[in-house]
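Engineer: sequence and predicted structure, then a few things I'm wondering about:
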Amino acid sequence: MIARAREPLIFEHSRPGRAARAQWPAASAEDERSAEHIPPALLRRRPAALPELSELDVVRHYTRLSQLNFSIDTHFYPLGSCTMKYNPKACNAAALLPEFLARHPLSPPELSQGFLACVYELQEMLKAITGMRGVALSPLAGAHGEFAGVAMIRAYHRSRGDPTRNEILVPQAAHGTNPATATMCGCVAREIPVDADGDVDLSALRAALGPRTAGIMLTNPSTLGVFERRIEEVARLVHAAGGLLYYDGANLNAILGKVRPGDMGFDVMHVNLHKTFSTPHGGGGPGAGPVGVAQRLLPFLPLPIVGRDGGPASAEGGGESESDDRGESDDRGEGQSVRYRWLDERDLPQSIGRLAGFGGNAGVLLRAYVYLRLLGREGLQRVAEFATLNANYLSARLQQVGYDAAYPRRRASHEFILTLRRQAQELGVTAMDVAKRLLDLGFHAPTTYFPLLISECLLIEPTETESKETLDAFVTAMTRILQEAREDPERLQRAPYTLPVRRLDDVHAARELDLAYRERRPQESSDAAAS
């Protein structure tokens, strides 16, 4: 197999005196005068060692680098618990309309009625989807939504004169951000084990509940890829002990239009718009993690929220207006004029406050709004049906060719876990070996080694947008890898072969990260190319 040549560093394209002068900023007289006040000890004695290239060289270099990336637009991307699915371009096009882009975030409500109407309707649709009574859109990511949720739980207990409730119960199968969020909010995280079939251990839960219990954070379906079958009993036990239930919305794709967290007994949740509702995910952002709350937490919602004056109902408190089963509000107002505005501290004096500048990531919110309008109620149900169908189909096919499911007695939700414990013991091949070899075969690897309680695991999520042909191609690649593991395990242990960078020592790279460029001598360059 021919290895792909290493793309030269941009410094290696550099030639003395070459530049894109048309792109240089013009220095003003004021800039020159400002430089005079810089202490001499802080001034450079020689120019910075920056590459010298033409504009065309720069464009081609970074375009070539972008073509080396795995992306959802070019590859099957089965990361578990992340839902990195295809995002319809129509949603992006609508969010980029000039009327939206030109709106300044400080524009008065009188000049923002169209945008505010869209945001208000998004709040209403998310209320209908989740079964919650109020929604705030300002949190900028899932973890940010978690922070808002736990902060509201603490504010609720304090408002009742019960400030000692500071324990957050976190099931073993929770996302890693859950215990971190609890700690950041000044709480103590207590882990609750799961049983052999992936459900919360009720006896351990009963033992952990007490007068210091503030709440429990869990995902349903969990990161084990299974639905918590005794969720109503969990809710009953936690509520009876005086605690509240927090729903991590990372796996919402699996239940859209089928069951709502509010109906399961949850008091607060976040929704990852950048995972479930057609907004780009990964790469550091931007994201959005709106929070929804039940009736008892309405006063504590973070600000701002879009409210509506006039029409058949008011949205004071972010949750008083009623919407139909589709989450669509009747804004006709029966002859009354409708006006949208930002609710502030005067409307919600018990709010936990403002967590972000302005009203959140407007472009992300608009993409989600358009996506929901395109899908409608029936479309939401198809999302859950296809996500679950794809996951169960892929799980069954991979078990047929020789892989082991971590929970073979359970039906998968929208994702599932394979364990390579047997292959590691018998063949010396690990989950990481399989993941690296998949890169050679044109597939991004699934999530590896998470959740932590399953050894040598791959967490696989095909999502609702992939075709049967794509899933079958993935099975073919996984079948080939398993055959190679039996015949030549050392080959897998050295993978990948076709990428510009071969297998790295991750621990060494993390502990001794070196990002400084130093010019190589000719012999060093040839040695690096050969390796």
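Structural biologist: Right, received. Where do you want to start?
Engineer: what ranges of the chain fall below the confidence cut-off?
Structural biologist: For the chain, applying pLDDT under 70 flags the ranges 1-5, 84, 280-285, 311-336, 520-531.
Engineer: where is the longest helix in it?
Structural biologist: Ranked by residue count and defined by DSSP state H, the top helix of the chain is helix 362-400.
Engineer: which is the next helix or strand following that one?
Structural biologist: As assigned by DSSP states H and E, the chain's next helix or strand after helix 362-400 is strand 404-405.
Engineer: and the next helix or strand past that next one?
Structural biologist: Reading on from strand 404-405 to the C-terminus, the next helix or strand found by DSSP H and E is strand 416-419.
Engineer: any idea where the strands of this protein begin and end?
Structural biologist: Ranges of strands in the chain, per DSSP state E, are 134-136, 167-171, 188-192, 213-218, 244-249, 268-271, 291-293, 305-309, 339-343, 404-405, 416-419, 447-448, 457-460.
Engineer: which of these sits most buried?
Structural biologist: strand 291-293 (a mean of 32; mean count of other Cβ atoms under 10 Å). The way it works is simple: take the backbone N, C-alpha and C, and place the C-beta from them, glycine included.
Engineer: hmm, who's touching it?
Structural biologist: Counting contacts by Cβ atoms under 8 Å, 6 or more residues apart in numbering, the residues outside strand 291-293 that touch it are 126-127, 130, 132-136, 139, 145, 148-149, 152, 261-262, 267-271, 300-302, 319.
Engineer: could you do stretch 59-72 as well?
Structural biologist: Contacts for stretch 59-72 (Cβ under 8 Å, 6+ apart): 7, 10, 13, 53, 77, 84-87, 439, 444, 499-500.
Engineer: closest to R411 out of these?
Structural biologist: Lowest distance from R411 to the contacts of stretch 59-72 (Cβ to Cβ) belongs to K85, with 21.0 Å.
Engineer: next up, the contacts around the closest one.
Structural biologist: With contact taken as Cβ under 8 Å, 6+ apart, K85 is in contact with I72, T463, E464, T465.
Engineer: need the contact list for the last one.
Structural biologist: What it means is T465. Shown in contact with T465 (Cβ under 8 Å, 6+ apart): K85, Y86, F386.
Engineer: if we use 10 Å, what do you get?
Structural biologist: I72, T83, K85, Y86, N87, P88, S278, V383, F386, A387, N390 (Cβ atoms under 10 Å, 6 or more residues apart in numbering).
Engineer: which non-adjacent residue is nearest G357?
Structural biologist: What sits nearest to G357 in space, not counting adjacent residues and going by Cβ to Cβ, 6 or more residues apart in numbering, is P105, at 7.5 Å.
Engineer: re the thing from before, who wins for neighbours among the contacts of stretch 59-72?
Structural biologist: Ranked by neighbour count (other Cβ atoms under 10 Å), the contacts of stretch 59-72 have Y77 at the top, with 24 neighbours.
Engineer: wait, that one sits on E466?
Structural biologist: Yes. Counting by Cβ atoms under 10 Å, Y77 touches E466, with 9.1 Å between them.
Engineer: can you check which residues contact both of these two?
Structural biologist: With Cβ under 10 Å, 6+ apart as the test, Y77 and E466 both reach K85, Y86.
Engineer: of the strands of the chain, which approaches W24 most closely?
Structural biologist: Of all the strands of the chain, strand 339-343 sits nearest to W24, with 41.9 Å by Cβ to Cβ.
Engineer: name every strand pairing with that closest one and say which way it goes.
Structural biologist: For strand 339-343, the paired strands and their directions (DSSP bridges) are strand 305-309 (antiparallel).
Engineer: list the buried residues of stretch 155-163.
Structural biologist: Residues A155, Y156, H157 are the ones in stretch 155-163 that count as buried (16 or more other Cβ atoms under 10 Å).
Engineer: in helices, which of these appear?
Structural biologist: In this view, the buried residues of stretch 155-163 that belong to helices under DSSP H are A155, Y156, H157.
Engineer: so what's the second one up against?
Structural biologist: The reference is to Y156. 162, 165, 214-215, 244, 267-268, 293, 296-297, 299-300, 350, 352.
Engineer: I'd like those laid out as JSON lines, including distance to R190.
Structural biologist: Shown next, in JSON lines, are these (distance: Cβ to Cβ, whole Å):
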{"residue": "D162", "distance to R190": "18"}
{"residue": "R165", "distance to R190": "12"}
{"residue": "A214", "distance to R190": "10"}
{"residue": "G215", "distance to R190": "11"}
{"residue": "L244", "distance to R190": "15"}
{"residue": "D267", "distance to R190": "18"}
{"residue": "V268", "distance to R190": "18"}
{"residue": "V293", "distance to R190": "23"}
{"residue": "R296", "distance to R190": "23"}
{"residue": "L297", "distance to R190": "22"}
{"residue": "P299", "distance to R190": "27"}
{"residue": "F300", "distance to R190": "23"}
{"residue": "Q350", "distance to R190": "27"}
{"residue": "I352", "distance to R190": "23"}
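Engineer: so which of those comes closest to R339?
Structural biologist: Within the set of the contacts of Y156, P299 lies nearest R339; the separation is 23.1 Å, counting by Cβ to Cβ.
Engineer: that closest one: what's it in contact with?
Structural biologist: 134, 152, 155-156, 159, 293, 317-319, 347-352.
Engineer: out of the contacts of T465, which are buried?
Structural biologist: The neighbour-count test (16+ other Cβ under 10 Å) marks I72, T83, K85, N87, S278, V383, F386, A387, N390 as buried among the contacts of T465.
Engineer: okay, these in TSV with distance to P451 next?
Structural biologist: Converted to TSV, the buried ones among the contacts of T465 look like this (distance: Cβ to Cβ, whole Å):
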residue	distance to P451
I72	23
T83	16
K85	21
N87	26
S278	27
V383	24
F386	24
A387	19
N390	21
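Engineer: measure Q113 to A136 for me?
Structural biologist: 20 Å (Cβ to Cβ, to the nearest Å).
Engineer: check M184 too.
Structural biologist: 19 Å.
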